[in-house]
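Enquirer: The following comprises the amino acid sequence and a computationally predicted model.
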2 protein chains.
Amino acid sequence: MAAPTHPILVVGSVALDAVRTTQEMVIDVLGGSASFFSLAAGMFAPVRLVAVVGEDLPKEHHALFRERGIDLEGLQVKPGKTFRWSARYSGPRLESRVTLDTQLNVFADFHPQLPDKYRDSRFVFLANIQPALQLEVLDQVGDADFIACDTMKLWLDTEMAGVERLFRRVHCVLMNDEEAMQFSGENFLPAAARVILSYGPRCVIIKRGEVGSLLFTRERVFAAPALPLETVRDPTGAGDAFAGGLFGALARAGHAEEPALRQAMLYGNVLGSLAVEDFSVRRMVKADAAEIERRLSTLVRMISLDEDHVLKGR
Amino acid sequence: MAAPTHPILVVGSVALDAVRTTQEMVIDVLGGSASFFSLAAGMFAPVRLVAVVGEDLPKEHHALFRERGIDLEGLQVKPGKTFRWSARYSGPRLESRVTLDTQLNVFADFHPQLPDKYRDSRFVFLANIQPALQLEVLDQVGDADFIACDTMKLWLDTEMAGVERLFRRVHCVLMNDEEAMQFSGENFLPAAARVILSYGPRCVIIKRGEVGSLLFTRERVFAAPALPLETVRDPTGAGDAFAGGLFGALARAGHAEEPALRQAMLYGNVLGSLAVEDFSVRRMVKADAAEIERRLSTLVRMISLDEDHVLKGR
């Protein structure tokens, strides 16, 4: 824990969400890819947040980010309303999502502007926003050690050329399994991963929700199991919390080589497991380092074949 | 490989299958839970097969079993036709199945009769047949070291009392995730596993197809990843091949304690991965010990966090 940690730069959305599940409903809670990412990564390393919000974003959210050591110099506050997103989840484990409404508001005119001091960031995460904006960020950073991007089905449908340009400029692509198959036109993940790797990234991380995540590099595959969940209260933000845990662990390690990358995948799954246990970022911000390490140990034992390790119990 | 191996007893179905996929179709190929199981387990240890077939089962299938060292003294050959099963698969990875037809034929009057020499079997697998027949087998075996059963949705719908009686008398239950949730009434696997364990088994294995399998014991969970598949030609029999690989590895180890049980889960996934690469048992019977060990090594490396191990490549 005393290792040098490197600041992480994230660009993405900060939103106010309305979420309805089979049992419950919340309105105007803190959401957005960059929020989940920052608060997850912030448990491991300093975070620099680039995003835009309206003047209506409650002061308590600004305060929460600051409390967690998240640098807000890159957070633009504009006249008008914050990005709004609303969705409904259904199914026994809330595994089906329908997006009900998206109001871009101040996000409509967003162009990421990196403060000068952010330009030397060694770990850069381009959360899911328009590929054109993700590319604008890359034009403002230097030679980072590890740049990863997320994306979504909408951009594969409408901005495929931008997605391809983006993939040529990052070290790592994060996607879910359906997106990977759509992008590549392949039905099986190893082939889909090879297509993505052919654009240049050195790794592809496939997020598979409640079954865990897979790391494909040119030579190897790592299967990071999901923590067996006892409940899911709100799946929103799980993928961004995953990315935050992953980046946090990498920044703490100071590099993104295996096997540190493998362990970071497990930290990602830990943060994802926390995110879904309550609405918004509520459960995640209640966790402390000890709880994160306990969940990590559970995951490590879940894939251990070593006798001493296995017999220690859970 | 020089360890003493113990014969495995399996009771289940031997069938002639008709399978249609999006691209291809086969008729009257060797199928049935006990066929896939026996040929998978037979790569590790002697197998004793209890089932019934009609006089129409081609001689070549009898010959295949014999060649593979499978003891057929418990295989009843009755006047009439062999059990017929027919299904159609669809979806990009053939992940959706519709059963088109089931003709019980000689299976309709089947009652398992164990040859006397089978009664001391230490490893017993009750493949998916009516719970009443699975229970008849248990009345004919002694104190086995490891008895496991499979089941299916049909018996949960129609023979729940029999399934419950069965679960009280086995060491291990194998099910897929949907069956585990239906049986337990729980939406999340850890809770579902606890319900099943409360009947007495000391482990529950949840088969999840292309995403791997989970082993729940009272204290621990093990996540066995699936081999990342490059193709699926026919998913039939994958679960029974999994069980055969699992039992084969346990019989070869001579016991069913962790961590041997964990390694056996991986062997199960290896045999499942082979089963789906061609129709019927074709691909599985082409595999040799070296190929099985190579696939096992791939799986072991897929969950390894150890630097030396990871950097060896795949």
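Expert: Yep, that arrived.
Enquirer: Name the SS class of residue A:206, please.
Expert: Using DSSP: H, G, I helix; E, B strand; the rest coil, the three-state assignment for residue A:206 comes out as strand.
Enquirer: let me redo that: residue A:181
Expert: Per three-state DSSP, the secondary structure class of residue A:181 is helix.
Enquirer: what about the residue nearest to it when sequence neighbours are not counted, how many residues close to it?
Expert: Of all residues not flanking residue A:181 in the chain, residue A:192 sits nearest, at 5.4 Å (Cβ to Cβ, 6 or more residues apart in numbering or on different chains). Bear in mind the C-beta positions are built from the backbone N, C-alpha and C, glycine included. Using other Cβ atoms under 10 Å in any protein chain shown, residue A:192 has 23 other residues around it.
Enquirer: Chain A against chain B: which residues are in contact?
Expert: A:92-93, A:181, A:187-191, A:208, A:211-212, A:214, A:219-223, A:225, A:228-232, A:258-259, A:262-263, A:298, A:300-307, A:310-311, A:313-314 (Cβ under 8 Å from any Cβ of the partner chain).
Enquirer: just the buried members of those?
Expert: Buried subset of the residues of chain A next to chain B (neighbour count, 16 or more other Cβ atoms under 10 Å in any protein chain shown): A:93, A:181, A:187-189, A:191, A:208, A:211-212, A:214, A:220-223, A:225, A:228-229, A:232, A:258-259, A:262-263, A:298, A:301-305, A:310.
Enquirer: residues near residue A:59, how many?
Expert: 7.
Enquirer: that older thread, surely the residue nearest to residue A:181 and residue A:183 touch.
Expert: Yes: contact criterion Cβ atoms under 8 Å: residue A:192 and residue A:183 qualify, at 7.3 Å.
Enquirer: Give me the common contacts of the two.
Expert: Common contacts of residue A:192 and residue A:183 (Cβ atoms under 8 Å, 6 or more residues apart in numbering or on different chains): none found.
Enquirer: Residue A:252 belongs to a helix, doesn't it?
Expert: Yes: assignment of residue A:252 by three-state DSSP places it within a helix.
Enquirer: Tell me how many other residues surround it.
Expert: Neighbours of residue A:252 using other Cβ under 10 Å come to 20.
Enquirer: Kindly report the same for residue A:18.
Expert: The tally of other residues near residue A:18 (other Cβ under 10 Å) stands at 18.
Enquirer: Name every strand pairing with the helix or strand hosting it and say which way it goes.
Expert: Element membership for residue A:18, per DSSP states H and E: strand A:15-20. Here strand A:15-20 is paired, per DSSP bridges, with strand A:25-31 (antiparallel), strand A:84-90 (parallel).
Enquirer: got these as a markdown table, with mean neighbour count columns?
Expert: Formatted as a markdown table, these follow (neighbours: other Cβ atoms under 10 Å in any protein chain shown):
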| stretch | mean neighbour count |
| --- | --- |
| strand A:25-31 | 18 |
| strand A:84-90 | 18 |
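Enquirer: model confidence over stretch A:43-55, on average?
Expert: Mean pLDDT, stretch A:43-55: 98.
Enquirer: Okay, buried residues for it please.
Expert: Within stretch A:43-55, the residues that count as buried by 16+ other Cβ under 10 Å are A:43, A:44, A:45, A:46, A:47, A:48, A:49, A:50, A:51, A:52, A:53, A:54.
Enquirer: what are the C-alpha coordinates of that stretch, in CSV please?
Expert: Only the C-alpha atoms of stretch A:43-55 are listed here, as CSV (Å, rounded to 0.1, in the frame of the first residue of the first chain):
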residue,chain,number,x,y,z
MET,A,43,-10.1,4.2,-3.3
PHE,A,44,-6.7,3.3,-4.7
ALA,A,45,-5.2,6.3,-6.3
PRO,A,46,-5.7,10.1,-7.0
VAL,A,47,-8.2,10.7,-9.7
ARG,A,48,-8.5,13.6,-12.1
LEU,A,49,-12.1,14.1,-13.4
VAL,A,50,-12.9,15.7,-16.7
ALA,A,51,-16.7,16.1,-17.3
VAL,A,52,-19.4,18.7,-17.4
VAL,A,53,-22.3,19.4,-15.0
GLY,A,54,-25.0,22.0,-14.8
GLU,A,55,-25.4,24.4,-12.0
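Enquirer: Can you tell me, leaving aside adjacent residues, what's nearest to the residue of the stretch 1-150 of chain A found nearest chain B?
Expert: Residue of the stretch 1-150 of chain A nearest chain B, by Cβ to the nearest Cβ: residue A:92 (3.9 Å). In this structure, residue A:92 finds its nearest non-sequential neighbour in residue B:187, 3.9 Å apart by Cβ to Cβ, 6+ apart.
Enquirer: Over to the one you found: give its phi and psi.
Expert: Note on residue B:187: backbone dihedrals following degrees, to the nearest 10 are phi -90, psi -20.
Enquirer: Could you check the pLDDT of it?
Expert: For residue B:187, the pLDDT comes out at 97.
Enquirer: just residue A:5 next, same as before
Expert: pLDDT, residue A:5: 74.
Enquirer: what do you get for residue A:308?
Expert: According to the prediction, residue A:308 has pLDDT 75.
Enquirer: ok so, going back, need the buried residues of stretch A:43-55 in CSV (columns: secondary structure).
Expert: Shown next, in CSV, are these (three-state DSSP):
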residue, secondary structure
A:43, coil
A:44, coil
A:45, coil
A:46, coil
A:47, strand
A:48, strand
A:49, strand
A:50, strand
A:51, strand
A:52, strand
A:53, strand
A:54, strand
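Enquirer: With respect to residue B:283, which of the residues you listed is nearest?
Expert: Among those, residue A:44 lies closest to residue B:283 (Cβ to Cβ), at 44.8 Å.
Enquirer: so what's that closest one up against?
Expert: A:5, A:245, A:247, A:248, A:249, A:251, A:252, A:267.
Enquirer: returning to that earlier point: would you mind confirming that the residue nearest to residue A:92 is in contact with residue B:181?
Expert: Yes: judged on Cβ under 8 Å, residue B:187 makes contact with residue B:181 at a distance of 6.2 Å.
Enquirer: list residues touching both of the two?
Expert: Contacts common to residue B:187 and residue B:181, judged by Cβ under 8 Å, 6+ apart, are residue A:92.
Enquirer: got the contact list for the residue positioned nearest the centre of chain A?
Expert: For chain A, residue A:240 is the residue whose C-alpha lies nearest the centre (Cα atoms, centre = their mean; 2.4 Å). For residue A:240, the contact set (Cβ under 8 Å, 6+ apart) comprises A:12, A:33, A:34, A:35, A:36, A:37, A:40, A:127, A:128, A:150, A:275.
Enquirer: Residue A:280 against residue A:32, yeah?
Expert: No: look at residue A:280 against residue A:32 with Cβ under 8 Å: they stay out of range, at 10.1 Å.
Enquirer: And those two? Which one has more around it.
Expert: Using other Cβ under 10 Å as the criterion, residue A:280 and residue A:32 rank with residue A:32 on top: 28 against 23.
Enquirer: Give the phi and psi angles for the more buried one, as a check.
Expert: Dihedral pair for residue A:32: phi 100, psi 140, per degrees, to the nearest 10.
Enquirer: residues in contact with it?
Expert: A:12, A:13, A:14, A:15, A:17, A:51, A:83, A:85.
Enquirer: redo that, cut-off 6 Å
Expert: With contact taken as Cβ atoms under 6 Å, 6 or more residues apart in numbering or on different chains, residue A:32 is in contact with A:13, A:14, A:15.
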